[in-house]
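In: all I have is the shape, not the residue letters:
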């Protein structure tokens with residue numbers, strides 16, 4: 001019991017938010033008469049929130065370093081507009097146009113990172129200026145009008161699905177097989193991590209608790225893939241999102257760069273005295289944010305099948321809220337990729353569930369605001385309790 005208590009205490013935000021996610025899904029499943037967890041709605045939930053979850057990954061790194069980025073929605077809209085000009089107006093092949101758009105996002109991130117890291121202007125001011133600048137440039141590029149449609153190959157990035165194994169199946173068989181493979185991979189990684197921790201005399205869960213934890217996650221993975229297989233299988237964008245989550249989780253947990261990012265947000269002066277190049281880390285975090293905003297803009301534009309002047313409105317607020325709800329600290333130095341994903345899913349399920357039961361946009365905005373306020377208040381309460 002003491003081990004369970006310590007585990008929950010050390011991971012109260014992440015486990016707490018996961019429990020909140022499960023409860024919210026159960027509530028809206030009841031209120032929507034079973035519509036929320038239908039295969040079609042789960043697929044739509046993934047497609048509707050994919051670009052926000054991609055933004056969340058980049059925003060998490062920015063928040064961990066103690067900064068904020070208010071410009072990501074405008075950058076996403078601007079990149080979508082540039083993609084439309086290249087692909088629709090100039091008939092550029094979509095892979096080349098996408099590459100150029102990602103490079104453009106990196107340059108925009110470098111531009112903002114320079115003012116924050118090298119000049120020392122607060123990120124709030126720099127990115128607020130960027131929000132206004134790139135929203136204006138979006139309107140100039142589009143001339144106040146929407147541009148579309150896009151080539152089918154580009155649209156399939158956001159609305160397409162991975163192909164199935166040839167055969168007469170009642171479900172998407174490849175999705176089920178991938179779920180089984182992911183389950184085996186997860187079991188292997190958890191077991192290997194447990195052996196490594198035991199070898200170095202770290203405290204580990206008792207074997208029954210470890211088995212229960214692994215079994216629970218395996219059940220979740222296979223239930224999720226089973227629901228997806230009942231419709232069209234795994235969306236292409238989910239593959240992209242999964243790859244990004246795996247990559248950034250590895251970077252933040254296992255690499256020197258990840259430790260340096262946490263160090264910058266935890267105590268920038270101490271990190272600099274310890275040899276961390278704090279300005280360089282801040283600069284590259286904003287470059288990364290620019291790339292993530294560009295990718296999110298491309299995926300959103302592909303899903304909409306048009307570039308519009310009003311694209312990306314409030315994207316930054318959803319991304320910031322997801323990070324804080326998922327356990328990131330407003331003062332920096334704290335947060336995980338998985339936690340931020342859970343926060344993004346909480347926001348996405350709330351949006352979807354409230355729409356399904358017919359709540360107006362006024363109620364939706366108010367409820368999301370209260371959830372964000374409570375999440376940050378909970379973070380401050382835990383921090384004060386730990387300090388005491």
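Out: That came through, no problem. These figures come from a predicted structure and were not determined experimentally. Numbers count the residues shown, from 1 in each chain.

In: sec struct for residue 54, please.
Out: helix (DSSP: H, G, I helix; E, B strand; the rest coil).

In: correct me, but it touches residue 295?
Out: Yes. Assessed by CB atoms under 8 Å, residue 54 is found in contact with residue 295 at 5.6 Å. In short, each C-beta sits where N, CA and C put it, glycine included.

In: more neighbours, these two?
Out: Higher neighbour count among residue 54 and residue 295: residue 54, with 28 against 24, using other CB atoms under 10 Å.

In: any idea how far that one is from residue 244?
Out: Using CB to CB, to the nearest Å, we find residue 54 at a distance of 7 Å from residue 244.

In: any weak-confidence spans in the stretch 251-388 of the chain?
Out: 379, 382-388 (pLDDT under 70).

In: doesn't residue 144 lie inside a helix?
Out: No. Under three-state DSSP, residue 144 sits outside any helix and is assigned coil.

In: does it touch residue 308 like I think?
Out: No. Judged on CB under 8 Å, residue 144 makes no contact with residue 308 at a distance of 10.0 Å.

In: so for these two, which sits in the more crowded spot?
Out: Legend: neighbour count by other CB under 10 Å for residue 144 and residue 308, higher for residue 308 (21 against 9).

In: quick one: neighbours of the residue lying closest to that one once chain neighbours are set aside, just the number.
Out: In space, and not counting its chain neighbours, residue 308 is closest to residue 146: 4.5 Å by CB to CB, 6 or more residues apart in numbering. Other residues near residue 146 come to 16 when the count uses other CB under 10 Å.

In: gap between stretch 67-87 and the chain center?
Out: With CA atoms, centre = their mean, to the nearest Å as the basis, stretch 67-87 stands 17 Å off its chain's centre.

In: sorry, back to before: separation between the residue nearest to residue 308 and residue 366?
Out: Between residue 146 and residue 366 the computed distance is 30 Å (CB to CB).

In: and the helices in the stretch 1-150 of the chain, which stretches?
Out: 2-10, 12-31, 39-64, 72-84, 94-113, 123-142 (DSSP state H, counting those that start in this stretch).

In: same deal with the stretch 251-388 of the chain?
Out: According to DSSP H, counting those that start in this stretch, the stretch 251-388 of the chain carries its helices in the segments 256-266, 268-273, 278-304, 315-325, 337-356, 361-387.

In: those helices: which one's closest to residue 157?
Out: helix 278-304 (5.1 Å; CB to CB).

In: now do that closest one: which elements does it pack against?
Out: In this structure, helix 278-304 packs against helix 39-64, helix 72-84, helix 94-113, helix 152-159, helix 236-254, helix 256-266, helix 268-273, with contacts taken as 3 or more CB pairs under 8 Å, 6 or more residues apart in numbering; DSSP states H and E.

In: out of those, which is closest to residue 19?
Out: Once the helices and strands packed on helix 278-304 are compared by CB to CB, helix 39-64 is nearest, at 19.1 Å.

In: low-confidence ranges, the stretch 1-150 of the chain, go.
Out: Filtered on pLDDT under 70, the stretch 1-150 of the chain yields the residue ranges 1-15.

In: let's see that with 50 instead.
Out: The model of the stretch 1-150 of the chain has no residue with pLDDT under 50.

In: so what sits against both of residue 54 and residue 295?
Out: With contacts defined as CB atoms under 8 Å, 6 or more residues apart in numbering, the residues shared by residue 54 and residue 295 are residue 240.

In: tell me the spacing between residue 222 and residue 175.
Out: Residue 222 is 10 Å from residue 175, by CB to CB.

In: of the two, which one has the most company?
Out: Here residue 222 and residue 175 are compared on neighbour count by other CB under 10 Å; more neighbours surround residue 175, at 23 against 15.

In: let me know the secondary structure of that one.
Out: From three-state DSSP, the assignment for residue 175 is helix.

In: residue 355: neighbour count?
Out: Around residue 355 there are 15 residues (other CB under 10 Å).

In: so what's it closest to, chain neighbours aside?
Out: residue 364 (7.6 Å).

In: pipe the helices and strands packed on helix 278-304 into JSON lines and attach distance to residue 19 per row.
Out: Shown next, in JSON lines, are the helices and strands packed on helix 278-304 (distance: least, CB to CB, whole Å):
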{"stretch": "helix 39-64", "distance to residue 19": "19"}
{"stretch": "helix 72-84", "distance to residue 19": "29"}
{"stretch": "helix 94-113", "distance to residue 19": "35"}
{"stretch": "helix 152-159", "distance to residue 19": "31"}
{"stretch": "helix 236-254", "distance to residue 19": "20"}
{"stretch": "helix 256-266", "distance to residue 19": "25"}
{"stretch": "helix 268-273", "distance to residue 19": "33"}
